[in-house]
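*Asks:* just a sequence and a predicted model for now, questions to come.
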Amino acid sequence: MWFFRAVALDLDGTLAVGDRVSDEILATIDETRSDRAVLLVTGRVRSDLDRVFPGLTSHFDAVLTENGAVLSTSKASRLLYEPVDVEVDKVLADRGVTAARGEVLLAIDGRDGVVASQVIADLGLDCQVVHNRGSAMILPAGVTKAAGLLAALDVLGLSLHNTIAVGDAENDLSLLRGVEIGAAVADAVPSLADHADLVLDHPNGAGVVALLRGPLLRGHQRLCPQRRWVSIGWFEDASPVRLPGSQSSVLVSGDTGSGKSYLAGLLAEKWVDAGYSVLLIDPEGDHLGLTERADMHLVDAATRLPSPRELVSMLSASHASLVLDLSGLEVDAQLAYLGQLPEAVAAGRAACGVPHWVVYDEAHQRSWLDDHKSSIAEAGTCLVTWRPELLPSELARTVDFAINVSSVRSSTLSEGANRPELRGTLVSADMTQPFHIGHRVSPHVRHGHKYAYTPLPASRRFYFHGPRASEAAATLEEFSRNVLSCNLDVLDYHLTRGDFSRWVSGTLADYSLAKELSDVEHDVANRRAASLEQARRQVSDAIRHRYLTG
């Protein structure tokens, strides 16, 4: 499988036994580098590393020394932090402590850690003492193997989520917790093994060789640690409903207007919040609200449509998340574009592991699905549809999690309620269980561009009534314009009856906007002194901000 693109390895006690790294380990690392990056992350100083292990660094795509404080690649070497103040050396020497200086750190005996901490406190320095089995090191605050690895992966264009790390000692804890999967060798110190996602079957280098040649790295086994799962709601007993953050497939189905796109947006939110890269394919403008987030960007096909490879390159360059709004294209143009997308996604994932998730809304458009069954059903795929029976049968059968969505509607919008209660039924290999769907942070906008400018059927348009009836509004643009121009008695008639919020809720299923309009109606109905002209502007501005701008 494409998911794991990098492996970060500690040296002493992980790769090395004593001062030796076996030829088998080096050969296995070289094999792994044919299609993945391998990084060395060690507490050693570079000069000591080269002296004890001559030529070792040539087997790695990047080398982090001094516990992540110094980064070296084939192109350059640089300090990621300022060196520890030289005054520390002098005070330690005065107190009988021997220290060896690196480019950034000071290395000391582990037994001198208490004295070193006192020296740091006495000097008022922003430093830390980090233990590594029987040794210790004095480092600037913030230096960890995880922080150094993040800088190295950024140089290589890779993500922590596409990385497995292996270590054996206390100073490896941040490394293991910072990546998607943290593995401890079989003879790791107990404090590390207790916090690892995976404990290897063999000690030191033998465990690493088995991992690099084993099913997990080669894609024949999936493992998303529980700490990487995301919560999307709660069961009847109030326990959380959780789905994997990676390496899984999801099918979301439900009737039109049931809330399936709301749930798809919630999943995208949760995955993005957890640091994953998401590409959401939006044929009908349902997900424009997600792009109000700083970490979710919009690509509007009506304005500019990049090629599929260019689109994926945008994700690869920044590990960002995108909503691809195709609602401005005719259906045939959408399908032609979607037919080219899976190949581009596969190429991007093979190169750098992103996007971690592709969410296909309106996935039942099977004229392009049939040609991409193998790639579209793989891990990192979320299919959303109101016609699951139109999907190729093998897709529906092989997804890891299926969720059918339904809504429980109330006759009115209660105070503080932005939408009817949404419920789902979660189906997986070991359960079929109903649950309550959680709340999103970003607004849900159904069929944004479609409702803005494409005429609704006659039965779903808004008809202005009153002493002097105005014309019907077939689009939201017309609705906003008519609200601004209709007579005050017509406006008063609809506001006091709650017609605007009821229409937005029932026709658009935009419960957040409906609640906003309901608040305006409530003010007019209960505070008759409220200005109708002010209410008119509030209604029009709410519509325009939601659907007609941006």
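*Replies:* All right, it came through fine.
*Asks:* when you work out contacts or count neighbours from here on, use the C-alpha atoms and nothing else.
*Replies:* Will do.
*Asks:* in stretch 387-394, what counts as buried?
*Replies:* Neighbour-count burial for stretch 387-394, counted by 16 or more other C-alpha atoms under 10 Å, picks out 388, 391.
*Asks:* please apply the same query to stretch 535-549.
*Replies:* Neighbour counts over stretch 535-549 (16+ other C-alpha under 10 Å) mark 535-536, 538-540, 542-544, 546-548 as buried.
*Asks:* following element in sequence after the host helix or strand of Ser512, please.
*Replies:* Using DSSP states H and E, Ser512 falls within helix 511-526. Where DSSP H and E defines the elements, the next helix or strand beyond helix 511-526 is helix 532-543.
*Asks:* next, count neighbours for Gly18.
*Replies:* 8 (other C-alpha atoms under 10 Å).
*Asks:* ok, now the one 4 residues further on?
*Replies:* Number of residues near Ser22 (other C-alpha under 10 Å) recorded here: 13.
*Asks:* contacts only, for it.
*Replies:* Ser22 makes contact with 16, 205, according to C-alpha atoms under 8 Å, 6 or more residues apart in numbering.
*Asks:* and if you look at the one 4 residues further on?
*Replies:* The contact partners of Leu26, by C-alpha under 8 Å, 6+ apart, come to His59.
*Asks:* 10 Å instead?
*Replies:* By C-alpha atoms under 10 Å, 6 or more residues apart in numbering, the residues touching Leu26 are 15, 32, 56, 59-60, 205, 209.
*Asks:* out of the residues you listed, which are buried?
*Replies:* 15, 32, 59-60, 205, 209.
*Asks:* next one: stretch 465-481 to chain centre, how far?
*Replies:* Centre-to-centre, stretch 465-481 and its host chain are 42 Å apart (C-alpha atoms, centre = their mean, to the nearest Å).
*Asks:* and it, how far apart are its ends?
*Replies:* One end of stretch 465-481 sits 16 Å from the other (C-alpha to C-alpha, to the nearest Å).
*Asks:* how about that stretch: buried residues?
*Replies:* 470, 473-480.
*Asks:* narrow those to those in helices?
*Replies:* 476-480 (DSSP state H).
*Asks:* the residues you listed into JSON lines, with extra columns for distance to Leu158 and pLDDT?
*Replies:* Below are those laid out as JSON lines (distance: C-alpha to C-alpha, whole Å; pLDDT from 0 to 100):
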{"residue": "Leu476", "distance to Leu158": "43", "pLDDT": "86"}
{"residue": "Glu477", "distance to Leu158": "44", "pLDDT": "86"}
{"residue": "Glu478", "distance to Leu158": "47", "pLDDT": "88"}
{"residue": "Phe479", "distance to Leu158": "47", "pLDDT": "91"}
{"residue": "Ser480", "distance to Leu158": "46", "pLDDT": "90"}
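*Asks:* put together JSON lines for the residues you listed, with distance to His494 on each row.
*Replies:* Below are these laid out as JSON lines (distance: C-alpha to C-alpha, whole Å):
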{"residue": "Leu476", "distance to His494": "16"}
{"residue": "Glu477", "distance to His494": "18"}
{"residue": "Glu478", "distance to His494": "16"}
{"residue": "Phe479", "distance to His494": "13"}
{"residue": "Ser480", "distance to His494": "14"}
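*Asks:* quick one on the thing from earlier: nearest to Leu251 among the contacts of Leu26?
*Replies:* Thr32 (33.3 Å; C-alpha to C-alpha).
*Asks:* what's near enough to touch that closest one?
*Replies:* So Thr32 contacts 5-7, 26, 38, 209, 212-213, 217-218 (C-alpha under 10 Å, 6+ apart).
*Asks:* which of those lies closest to Ser531?
*Replies:* Checking the contacts of Thr32 one by one against Ser531 (C-alpha to C-alpha), the nearest turns out to be Arg5, at 60.8 Å.
*Asks:* now do the same contact list for the closest one.
*Replies:* By C-alpha under 10 Å, 6+ apart, the contact list for Arg5 reads 32-33, 35-38, 158-164, 217, 349-354.
*Asks:* mind listing what's buried in stretch 125-133?
*Replies:* 127-132.
*Asks:* contacts for that stretch?
*Replies:* Against stretch 125-133 from outside (C-alpha under 10 Å, 6+ apart): 12-13, 43, 67, 84-85, 88, 105-114, 116-117, 119-121, 136-144, 168-172, 188-189.
*Asks:* which regions of the chain lie under the pLDDT threshold?
*Replies:* Scanning the chain for pLDDT under 70 picks out 366-377, 396, 408-420, 444-450, 466-470, 528-530, 549-550.
*Asks:* domains in it, by residue range?
*Replies:* 1-77+145-223, 82-141, 227-437, 452-548 (automatic domain parsing).
*Asks:* let me have those domains in a markdown table, adding distance to Pro443 as columns.
*Replies:* Shown next, in a markdown table, are the domains of the chain (distance: least, C-alpha to C-alpha, whole Å):
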| stretch | distance to Pro443 |
| --- | --- |
| domain 1-77+145-223 | 27 |
| domain 82-141 | 39 |
| domain 227-437 | 5 |
| domain 452-548 | 7 |
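*Asks:* report the buried residues of stretch 336-353.
*Replies:* By 16+ other C-alpha under 10 Å, the buried positions in stretch 336-353 come out as 337-339, 341-353.
*Asks:* before we move on, the earlier item: helices - which of the contacts of Arg5 land there?
*Replies:* Checking the contacts of Arg5 against DSSP H, those in helices are 32, 349-352.
*Asks:* and the helix or strand hosting Asp89, what does it pack onto?
*Replies:* Assigned by DSSP H and E, Asp89 belongs to helix 87-94. Where contact means 3 or more C-alpha pairs under 10 Å, 6 or more residues apart in numbering; DSSP states H and E, helix 87-94 is packed against strand 106-109, helix 113-123.
*Asks:* give me the distance from that helix to the chain's centre.
*Replies:* Centre-to-centre, helix 87-94 and its host chain are 46 Å apart (C-alpha atoms, centre = their mean).
*Asks:* could you do stretch 217-232 as well?
*Replies:* 13 Å.
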